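[1] have a look at this prediction, sequence included:
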Amino acid sequence: DQQVKQNSPSLSVQEGRISILNCDYTNSMFDYFLWYKKYPAEGPTFLISISSIKDKNEDGRFTVFLNKSAKHLSLHIVPSQPGDSAVYFCAARSGGGADGLTFGKGTHLIIQP
Amino acid sequence: DTGVSQDPRHKITKRGQNVTFRCDPISEHNRLYWYRQTLGQGPEFLTYFQNEAQLEKSRLLSDRFSAERPKGSFSTLEIQRTEQGDSAMYLCASSWNSRISPLHFGNGTRLTVT
């Protein structure tokens, strides 16, 4: 049972345009959300996070939006650059229980020149 | 900050053998996590430590899996009597002692069981 879902296995975007990666969750106990980026043969690298008390968090070219009523979050990358080509994972942490993160399956973002 | 270090990067073993992986976390971090990642999936949480205390181990995949962090610094993950289904990337991460502290991952150990 996937509690964190990334329904797009891949996404292709032109360089300079906006990349929008989506994530849905089912567990209403999740109260902290993170996005990670992963290159081949490397571990995931933390990008940006958002607490459930906020609906937006911005860091440079990266913005995460949280819609709690829809149990949906998205990562916006503007403008997209070739180095952004990677697999992006959405992750969530529950307010109770085990303290590990629950990850989605990832979205492979490809930035086209 | 030298990052999370994992050793070895790759391990090939025969079915039935025992394997042990090591993780050295970021030195200031007192939380340490182990994850497993298989092809096409996101990382799957296995266990975590706060200092030397193992606070969650119910997600370990079977009793063949065990982890230790004897002095609250480095950690080891052992898999006994390996099976082909254990082939995966094993990731270690560390963080500050805070629920809103992000996890910082190492580059993982890729295990292949033949």
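    Done, it's in. Numbering: from 1, shown residues only, chains lettered A, B, ... in the order given.
[2] in this structure B:V19 contacts B:T76, no?
    No: applying C-beta atoms under 8 Å as the test, B:V19 and B:T76 come out as separate, 10.4 Å apart. Every C-beta, even on glycine, is put in place using the N, C-alpha and C of the backbone.
[3] write out the residues of chain B neighbouring chain A.
    B:4, B:31, B:33, B:35, B:40-46, B:48, B:55-56, B:58-59, B:91, B:93, B:99-100, B:102-108 (C-beta under 8 Å from any C-beta of the partner chain).
[4] of the residues you listed, just the buried ones, ChimeraX syntax please.
    Buried members of the residues of chain B next to chain A, defined by 16 or more other C-beta atoms under 10 Å in any protein chain shown, are picked up in ChimeraX with:
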select /B:4,31,33,35,42,43,44,45,46,48,56,59,91,93,102,103,104,105,106,107,108
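[5] quick revisit: who's more crowded, B:V19 and B:T76?
    Legend: neighbour count by other C-beta atoms under 10 Å in any protein chain shown for B:V19 and B:T76, higher for B:V19 (18 against 15).
[6] ok, what's across the strand from that one?
    B:I79 (DSSP bridges).
[7] quick one: contacts for it?
    Counting by C-beta atoms under 8 Å, 6 or more residues apart in numbering or on different chains, B:V19 touches B:11, B:13, B:78-79, B:82, B:111.
[8] okay, the residues you listed in TSV with neighbour count and pLDDT next?
    Shown next, in TSV, are these (neighbours: other C-beta atoms under 10 Å in any protein chain shown; pLDDT from 0 to 100):
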residue	neighbour count	pLDDT
B:K11	18	98
B:T13	16	98
B:E78	13	97
B:I79	23	97
B:T82	21	97
B:L111	21	98
